[in-house]
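A.B. asks: what shape does this take:
(chains A and B)
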Amino acid sequence: MMKSRSREEVFFKALMMGSLALVFLALTGIVAVIVAKGLSSLNLAMILETPKGGYYLGKEGGIANAIIGSLYLVTGATVLSFLISLPVALALQKEYLGKRFADITRLALDILWGTPSIVYGAFGFVVMVLLGLRASLLGGIIVLTLLMIPIMARAMDEAVRLVPFELKEMAYAIGANRIETTLAVVLKQALPGIFTGVILAFGRGIGDAASILFTAGYTDEIPTSLLDPVASLPLAVFFQSGTPVPEVQARAFTAALILLFIVLVVNIVARLLGWRFSRNILR
Amino acid sequence: MKDRLPSRPLRKRRILEWLGVFAGRFVLIVINVLALGIFCGLLWKAGPILQATPLGDLLFSSDWHPLKNSFGLFPFIAGTLAVTGLAMLMAIPVCLLASVYLAEYAGQRFREVARLVIDILAGIPSVIYGLCGILVIVPFVAWLGDLAGASTTGYSLLAGGLVLAVMVIPFIISISVEVLRMVPDPVRESALALGATRWEAVKYVVLRKAKRGLLAAVVLGFARAFGETMAVLMVVGNVAEVPASVFDPAYPLPALIANNYGEVMSIPLYDAALMTAALILMLVVAFFSLTAHYTLMRIGAANE
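C.D. replies: Numbers count the residues shown, from 1 in each chain, chains lettered A, B, ... in the order given. Next comes the predicted model:
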């Protein structure tokens, strides 16, 4: 009896360790594959040049258009969604409004958070047609902003809610009003969480392809105005992986490597900074 | 701030506060309008086909011939359900076992590091999963198909399911570990004190206590997988037929929208049919993620 029980214990423990090993193996495998395949056609020209004539047949050029384009798109969208998300998160505090309204807004944010990015893409396209816009940097930024707002706002809301109410009460007790308390106390206390939210949304935004598929377009040029179409890294990966030319397919991996590099570096730096920021937090 | 506060006249401070509160309410209204607006916008654009075709035909007919004006979404709905279901079938056991290990067996340090790595990996863009799928999983599935005696290119339901499973695993593990850690320690300890082995404590006590939370984690993963577009689109084959085996290609709803939207303006009802697909995605995902969120929130509240 005892023997079979301990055998069961050993069996399941082995099974669990096996699963965890499998997970790590799969995930590190992905990184390894991308790095190994991507490095083979990585060179300075890939990063610094835009596609030249015949690029898509395997000739000269690089994907600077997609790198710059992605950075334009995500920087614009991050700034816009920050400007909307931060007030949303701060206004969701209980001293600003009734519980009912806050609950409904959180519900709306949850729905928006779950909405697949392809739906944002389709909806964004409808809006752009209504406004008479064509696939452009502006369109891409707007759709990415819609996608990033719920991610950012929910993370920030979480951080703002963690600020102890006693701390706010102290500010109120010395006569500060709600805005003063929010700006001087809450904002400072929630800063690491707010920062994490921004980074989280940035990471999701830069890697998302489905939402900008119809709204940002794709071009070999670096855009000079908001109304120009713009290339992006995820779409560079997607389009190049679909061509029959082996050299171009190899470049899909290089584009993926650059994208992966940006996402990982941003994530890791954010977590390190988050630790440093959280030193002057009272809990 | 401390010495600046009293010097500002009270009236000015009041006005500033009022402005701030007003701005706050305004952005909250914007968010609600946005959610409602997306839903209404999709409904409005889907309107023409919802009027022209009975809903039953639209959802359950397999007749997809846009040029002949027949839009049966069933192959795509079946494709989405099959791919997502298959992915969950593969992901759930692995996720549960791995998260039980992380939450119950692993040391504090290892757990923290593992969760950090998993969280970072959860942020890998979906095109990258798709690209690896093309390189590794598609040939693997083709080889598997040869072994099983099925003729397949590898671009199939199984390939889509595998890629999707790998994608949602970090997401589900991340939530599951959190749920398991929420089970209070005395619960475990009392089981262990009665002479249960660690696994028995998990099996009879911890898992039972965390059941609803784990279900919520799985449902959230399902909702995430249901709407995933690019990674699946790249490996699933995209043939508009109800797949008969896992080696057949499938054509999920998100892939349908991604492949055809933007070029369909010439056929009036086509546009509306794709919008219906988007509407279905939004409604299904909203339903599942809301139920899961509320379950998790209730559990969180009960533990405080």
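
A.B. asks: what's whichever residue of the stretch 51-200 of chain B sits closest to chain A in contact with, if anything?
C.D. replies: Among all residues of the stretch 51-200 of chain B, B:Pro125 sits closest to chain A, at 2.5 Å; criterion: C-beta to the nearest C-beta. No exception for glycine: its C-beta is placed from N, CA and C like everyone else's. When contacts are counted by C-beta atoms under 8 Å, 6 or more residues apart in numbering or on different chains, B:Pro125 touches A:Ile206, A:Gly207, A:Asp208, A:Ala209, A:Pro234, A:Leu259, A:Leu260, A:Val263.

A.B. asks: so who does the closest residue in space to it that isn't next to it in sequence touch?
C.D. replies: Nearest residue to B:Pro125, sequence neighbours excluded (C-beta to C-beta, 6 or more residues apart in numbering or on different chains): A:Gly207, at 2.5 Å. Residues in contact with A:Gly207 (C-beta under 8 Å, 6+ apart) are A:Pro234, A:Leu259, A:Val263, B:Gly123, B:Ile124, B:Pro125, B:Ser126, B:Val127, B:Ile128.

A.B. asks: of those, grab the buried ones for ChimeraX.
C.D. replies: Selection of the buried residues among those in ChimeraX, burial being defined by 16 or more other C-beta atoms under 10 Å in any protein chain shown:
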select /A:234,259,263 /B:123,124,125,126,127,128
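
A.B. asks: closest to A:Met152 out of the contacts of A:Gly207?
C.D. replies: B:Gly123 (14.1 Å; C-beta to C-beta).

A.B. asks: surely A:Ala108 touches B:Ala35?
C.D. replies: Yes. Assessed by C-beta atoms under 8 Å, A:Ala108 is found in contact with B:Ala35 at 3.9 Å.

A.B. asks: any common contacting residues for those two?
C.D. replies: If you check A:Ala108 and B:Ala35 against C-beta under 8 Å, 6+ apart, no residue is contacted by both.

A.B. asks: how close does A:Phe82 sit to chain B?
C.D. replies: For A:Phe82, the distance to chain B (C-beta to the nearest C-beta, to the nearest Å) stands at 12 Å.

A.B. asks: how about low-confidence regions in chain A?
C.D. replies: Where chain A drops to pLDDT under 70, the residues are A:1-2, A:53-59, A:277-283.

A.B. asks: show the residue spans covered by the helices in it.
C.D. replies: A:2-40, A:44-48, A:64-91, A:99-114, A:117-131, A:137-161, A:165-173, A:178-181, A:187-207, A:233-241, A:246-277 (DSSP state H).

A.B. asks: adding distance to B:Ile299, write those helices out as JSON lines.
C.D. replies: Below are those laid out as JSON lines (distance: least, C-beta to C-beta, whole Å):
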{"stretch": "helix A:2-40", "distance to B:Ile299": "23"}
{"stretch": "helix A:44-48", "distance to B:Ile299": "47"}
{"stretch": "helix A:64-91", "distance to B:Ile299": "23"}
{"stretch": "helix A:99-114", "distance to B:Ile299": "16"}
{"stretch": "helix A:117-131", "distance to B:Ile299": "28"}
{"stretch": "helix A:137-161", "distance to B:Ile299": "16"}
{"stretch": "helix A:165-173", "distance to B:Ile299": "22"}
{"stretch": "helix A:178-181", "distance to B:Ile299": "31"}
{"stretch": "helix A:187-207", "distance to B:Ile299": "21"}
{"stretch": "helix A:233-241", "distance to B:Ile299": "35"}
{"stretch": "helix A:246-277", "distance to B:Ile299": "26"}
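
A.B. asks: of all the ones you listed, which lies closest to B:Val187?
C.D. replies: So among the helices of chain A, helix A:2-40 is nearest, using C-beta to C-beta, at 18.6 Å.

A.B. asks: for chain A, what's its nearest residue on the stretch 151-300 of chain B.
C.D. replies: B:Gly227 (2.5 Å).

A.B. asks: got the phi/psi numbers for the closest residue to that residue other than its chain neighbours?
C.D. replies: Once flanking residues are discounted, B:Gly227 sits nearest to A:Pro116: 2.5 Å by C-beta to C-beta, 6+ apart. A:Pro116 adopts backbone torsions of phi -60, psi 150, taken as degrees, to the nearest 10.

A.B. asks: between the contacts of B:Pro125, which sits nearest A:Glu49?
C.D. replies: Closest to A:Glu49, out of all of the contacts of B:Pro125 and judged by C-beta to C-beta, is A:Leu259, at 17.7 Å.

A.B. asks: OK, contacts around the closest one?
C.D. replies: Residues near A:Leu259 by C-beta under 8 Å, 6+ apart: A:Ser70, A:Ile206, A:Gly207, A:Leu233, A:Pro234, A:Val237, B:Pro125, B:Val127, B:Ile128.

A.B. asks: try it again with 6 Å
C.D. replies: A:Leu233, B:Pro125 (C-beta atoms under 6 Å, 6 or more residues apart in numbering or on different chains).

A.B. asks: three-state assignment of the residue nearest the centre of chain B?
C.D. replies: Nearest to the geometric centre of chain B sits B:Arg224, at 0.7 Å (C-alpha atoms, centre = their mean). Using DSSP: H, G, I helix; E, B strand; the rest coil, the structure places B:Arg224 in helix.

A.B. asks: could you do the one 10 residues further on as well?
C.D. replies: On the three-state scheme (three-state DSSP), B:Met234 is labelled helix.

A.B. asks: which residues of the stretch 1-150 of chain B score low on pLDDT?
C.D. replies: B:1-8.

A.B. asks: tell me the residues of it that contact chain A?
C.D. replies: Counting by C-beta under 6 Å from any C-beta of the partner chain, the residues of the stretch 1-150 of chain B lying close to chain A are B:1, B:16-17, B:20, B:24, B:27-28, B:31-32, B:35, B:38, B:41, B:45, B:94, B:97-98, B:100-101, B:120-121, B:123, B:125, B:127-128, B:131-132.

A.B. asks: which among those residues count as buried?
C.D. replies: Burial by neighbour count, judged by 16+ other C-beta under 10 Å, picks out B:17, B:20, B:24, B:27-28, B:31-32, B:35, B:38, B:41, B:45, B:94, B:97-98, B:100-101, B:120-121, B:123, B:125, B:127-128, B:131-132 from the residues of the stretch 1-150 of chain B next to chain A.

A.B. asks: in helices only, show me those residues.
C.D. replies: Counting by DSSP H, the part of these found in helices is B:17, B:20, B:24, B:27-28, B:31-32, B:35, B:38, B:41, B:45, B:94, B:97-98, B:100, B:120-121, B:127-128, B:131-132.

A.B. asks: pull the distance from stretch A:220-231 to the chain's centre.
C.D. replies: 21 Å (C-alpha atoms, centre = their mean, to the nearest Å).

A.B. asks: mind exporting the C-alpha coordinates of that stretch to PDB?
C.D. replies: Presented in PDB, the C-alpha positions along stretch A:220-231 are these (Å, rounded to 0.1, in the frame of the first residue of the first chain):
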ATOM      1  CA  ASP A 220       9.400  49.900 -49.500                       C
ATOM      2  CA  GLU A 221       9.800  53.600 -48.600                       C
ATOM      3  CA  ILE A 222      10.300  55.100 -45.200                       C
ATOM      4  CA  PRO A 223       7.100  57.200 -44.700                       C
ATOM      5  CA  THR A 224       7.500  61.000 -44.800                       C
ATOM      6  CA  SER A 225       4.000  62.000 -43.700                       C
ATOM      7  CA  LEU A 226       1.300  60.600 -41.500                       C
ATOM      8  CA  LEU A 227      -0.800  59.800 -44.600                       C
ATOM      9  CA  ASP A 228       1.900  57.600 -46.300                       C
ATOM     10  CA  PRO A 229       1.600  53.800 -46.000                       C
ATOM     11  CA  VAL A 230       4.200  52.300 -43.800                       C
ATOM     12  CA  ALA A 231       6.000  48.900 -43.500                       C
END
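
A.B. asks: and stretch A:133-145, does that touch chain B?
C.D. replies: No. Stretch A:133-145 lies out of reach of chain B by C-beta under 6 Å from any C-beta, never closer than 8.1 Å.

A.B. asks: now that stretch: buried residues?
C.D. replies: For stretch A:133-145, by 16+ other C-beta under 10 Å, it's A:Leu133, A:Ala135, A:Ser136, A:Leu137, A:Leu138, A:Gly139, A:Gly140, A:Ile141, A:Ile142, A:Val143, A:Leu144, A:Thr145.
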